[in-house]
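Visitor: Provided below for reference: sequence and predicted model.
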There are 2 protein chains.
Amino acid sequence: MAPRAAAPVFGLAKRTMAAATPSASLVRSYSAPVGNAIPLAKKKYVPSHGTYPQGFKVGGIVVGVKPKNTTKPDLAMIVSDVPCAAAAVFTKNRFQAAPVTFSRALLRTAAAADQPSIRSVLINSGCANAVTGKGGLEDAAAMARAADAVCSSSTQKSGTIVMSTGVIGQRLPIQKILDGVPTVYAGLGSSHEHWLTAAKSICTTDTFPKLLSRTFTLPSAAGVEYRIAGMTKGAGMIHPNMATLLGVLATDAPLSQAALPSLLKHAVDRSFNSITIDGDTSTNDTVALLANGTAGGPAVTNDPVSSPDYLAFQAVLTDFAAELAQLVVRDGEGATKFVTIRVTEAASAVDARRIASTIARSPLVKTALYGKDANWGRILCATGYALVSEPGEADSATLSTATIAPERTNVSFVPTDGSAELKLLVNGEPEAVDEARAAEILEHEDLAILVRLGTGSAEATYWTCDYSHEYM
Amino acid sequence: MAPRAAAPVFGLAKRTMAAATPSASLVRSYSAPVGNAIPLAKKKYVPSHGTYPQGFKVGGIVVGVKPKNTTKPDLAMIVSDVPCAAAAVFTKNRFQAAPVTFSRALLRTAAAADQPSIRSVLINSGCANAVTGKGGLEDAAAMARAADAVCSSSTQKSGTIVMSTGVIGQRLPIQKILDGVPTVYAGLGSSHEHWLTAAKSICTTDTFPKLLSRTFTLPSAAGVEYRIAGMTKGAGMIHPNMATLLGVLATDAPLSQAALPSLLKHAVDRSFNSITIDGDTSTNDTVALLANGTAGGPAVTNDPVSSPDYLAFQAVLTDFAAELAQLVVRDGEGATKFVTIRVTEAASAVDARRIASTIARSPLVKTALYGKDANWGRILCATGYALVSEPGEADSATLSTATIAPERTNVSFVPTDGSAELKLLVNGEPEAVDEARAAEILEHEDLAILVRLGTGSAEATYWTCDYSHEYM
């Protein structure tokens, strides 16, 4: 390849997308599960009932974002009776889809106002509204305006977070969506079926809808039952351009606007940011949290962040988000295993996390797990290069001889049935592995890999799946 | 999983490996190609002749490192008539195999002495001598001593670099190797067949031996023909514990000992450190360069590094190493494509490299390539998250808004037959892709992906392969 001259550069903001209706050659497709049937093995992950937060109405309808879709709901709406405190964690990908740009700005304004101002979330599946230029931004804003119009009353202005997931590089069929907003709003409700329909509406190649709900209490409001519900859709699909992860969590607990961002970031770092299917981070990844306070009780604030209520909600939210995020791993394309990677006794939390993440992403580890091979060598290799930098970069600031000490490293398989761990490497030396026992452990869908570094007290947990033939 | 107490720690140096003969349950195997047959599609990568550097004798024999191996040469030796200047680049994995530890120390001594002191390289395949404790270090030293014994003369002491590749966690059958050293030494020669046998001897799951040779001249020695030869073996195998990359390069050019480390590092960063099969970095990865000066001419030194001879040899070595390293990608497990990732117009070389590496490692990109899908969305996604840090880490120091500007980003497929590039994304906006043309380009084994960032003038190149069904 010969060196190339720089091409002329046009600012994206100066242009609108040429084609609102993309040419046929541009259209990419994905295969949604045929007939919306949920695979037998996944049915256990779909709840048959739930207890949902008060003051939220949800639902979903078919608008046909993808022209051939006439049966699968693809427009979801979540509306609170009253304005909510809200926060979101967005993709760090430098190419951010229009709904990310729009919603980020909206929530920045909400945070600055420091009072509840979000009434709804509007989500379409089938088209990601990503890499769509100025026109895409206008579409995202139009979605929010349409939702605001149906939600607003004379006394209170609305605010709508928008999300999109689906193919990249295509404009939304925006009129279909705008026309659908009054319809989806008219059909909203608070039953389990309404929540399940909403959860189904945000799916793309997911083989099952991902919905959870839970009740909890807070120390300073004895006797008040709070509720939290959440829906998510999967990342890491083999189908073209389908790697978006979305999540919406809603609670009727009285969280202050100021408290939400730190609570959500803490939870997402330990849940949605601690899972990997394929290691890719999409243009659209968004997880939002809405709190409407409808259940009553004293406000939970971040002043101080050491208050019992703040810490109690932080624990509830983190645990709930982790359970929700794990459903995404359960639905990894072709995955046959659900694997918890736990790194303990690390010199720092960042080191522990980096090592857990590297093991979780290692193709060699993931294929060994699929092959039911108790291959501690691959786990060890991934551990050993987790903190290594690329040539030309400074070594990781966290890398120190204290972080990984081969002679202190232990690797075990921990069965999830409570039986004894199987030691593979003890203080840097290979165990004579009982292969029959290893095979027994590897027969199960669930498995934990424990890496004890012996150099500190920090730890991190990651969840991953195997790579199977079906992934390819 | 309950929190675990720290296990007692024993220093590796205080213990020897318990089992020199590992128990049966520990033994892992890999599948070498049946009957050593080279697949038809790979035969074109195996040379039928070569011009090899003067003053080197090489060869390989069967010693049966793996008990069942009675036909495949598994002990290679490279010997120079006179002491060589030598350098090596070793794995950065924190778990380093015994031969890495041994050879690193040897070359540190050689560098300090600042004069040619290495006579030979001894390499076994079949067992990596990794995670083998103090006993493993003793085995590596014993290999070197055995080679030194047959190479040394009364007038000059020898020095031997050792390398091992194969299964991890098992001790070498050291006596077989020691017994084989006089035999392999006795059979050394300088013919093409000798070089090819040596190249075969270092293979594990490789489907073909990887050997190249080339002649070159240097500015200040007009009329002197120099020669360089190299052999390598593959990384990134699906088979257990087989991810070692080894390389040995030998030249008869008169390089000074002081000049070698910087020359080799420059070349390896742009060759062996710019390829990826599966992104894993093994415990044994080693690339060594020996220069015996036998062809004569004025010494090439690094004083100054801007001298015409230094720069000329740097270019020859880098180019040669890249060609050799690319053979490893050609032999990626189940790979059907050889893909060059070229990132240009970057704000810095480190950024360019990080982005090229991230694209090259992205499972979504690699599966799309196997699926012959002109999926610029996945390439864009990988570009967009290449510089993103893990939660809890500081963002990459190199990350700036200047590095990736969506509206300046261009993505193209560049055919290797010299025909026009196929633009997929122009200044951040998707092209109406000619899918017929894309399919045509993707039919070929070779393909280049060009990402022009439009934010600077730095660039980097990476080589990768696709993920096919066979990989799993």
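Guide: In hand now; what should we look at?
Visitor: which parts of the stretch 201-350 of chain A are helices?
Guide: Secondary structure of the stretch 201-350 of chain A (DSSP state H, counting those that start in this stretch): helices at A:260-269, A:308-330, A:349-361.
Visitor: turn the ones you listed into CSV, columns for distance to chain B and mean pLDDT.
Guide: C-beta here means a position set from N, CA and C on the backbone, and glycine is covered the same way. Formatted as CSV, the helices of the stretch 201-350 of chain A follow (distance: least, CB to the nearest CB, whole Å; pLDDT from 0 to 100):
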stretch, distance to chain B, mean pLDDT
helix A:260-269, 4, 96
helix A:308-330, 13, 96
helix A:349-361, 5, 91
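Visitor: what sits against A:Lys157?
Guide: Residues counted as contacts of A:Lys157 (CB atoms under 8 Å, 6 or more residues apart in numbering or on different chains) are A:117, A:148.
Visitor: where does pLDDT dip in chain A?
Guide: Where chain A drops to pLDDT under 70, the residues are A:1-36, A:154-155, A:235-243, A:278-279, A:389-401, A:469-472.
Visitor: quick one, which of the helices of the stretch 201-350 of chain A is packed in tightest?
Guide: helix A:349-361 (a mean of 25; mean count of other CB atoms under 10 Å in any protein chain shown).
Visitor: out of the helices of the stretch 201-350 of chain A, which comes closest to A:Pro39?
Guide: helix A:308-330 (10.9 Å; CB to CB).
Visitor: hmm, back to that, how about the helices of the stretch 201-350 of chain A in JSON lines, adding distance to B:Ile449?
Guide: Formatted as JSON lines, the helices of the stretch 201-350 of chain A follow (distance: least, CB to CB, whole Å):
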{"stretch": "helix A:260-269", "distance to B:Ile449": "32"}
{"stretch": "helix A:308-330", "distance to B:Ile449": "28"}
{"stretch": "helix A:349-361", "distance to B:Ile449": "21"}
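Visitor: tally of neighbours for the residue nearest to A:Glu431 when sequence neighbours are not counted?
Guide: Nearest in space to A:Glu431, with sequence neighbours left out and distances taken as CB to CB, 6 or more residues apart in numbering or on different chains, is A:Lys423 at 4.9 Å. By other CB atoms under 10 Å in any protein chain shown, the residues close to A:Lys423 number 18.
Visitor: that older thread, between the helices of the stretch 201-350 of chain A, which one is nearest to B:Ala130?
Guide: helix A:349-361 (17.6 Å).
Visitor: check which helices and strands that closest one sits against.
Guide: strand A:275-276, strand A:338-346, helix A:376-385, strand A:446-452, strand A:458-465 (3 or more CB pairs under 8 Å, 6 or more residues apart in numbering or on different chains; DSSP states H and E).
Visitor: ok, now with 10 Å
Guide: strand A:275-276, strand A:338-346, helix A:363-370, helix A:376-385, strand A:446-452, strand A:458-465 (3 or more CB pairs under 10 Å, 6 or more residues apart in numbering or on different chains; DSSP states H and E).
Visitor: surely A:Asn284 meets A:Phe90?
Guide: Yes. In this structure A:Asn284 lies within contact range of A:Phe90 using CB atoms under 10 Å: 8.9 Å.
Visitor: nearest spatial neighbour of A:Leu249, chain-adjacent residues omitted?
Guide: Nearest to A:Leu249 is A:Gly230, by CB to CB, 6+ apart, at 4.1 Å.
Visitor: anything in the helix or strand hosting A:Val181 near chain B?
Guide: Secondary structure from DSSP states H and E places A:Val181 in helix A:174-186. No. Helix A:174-186 stays clear of chain B (CB under 10 Å from any CB of the partner chain), getting no nearer than 17.5 Å.
Visitor: list the buried residues for that helix?
Guide: A:174, A:176-178, A:180-181, A:184-185 (16 or more other CB atoms under 10 Å in any protein chain shown).
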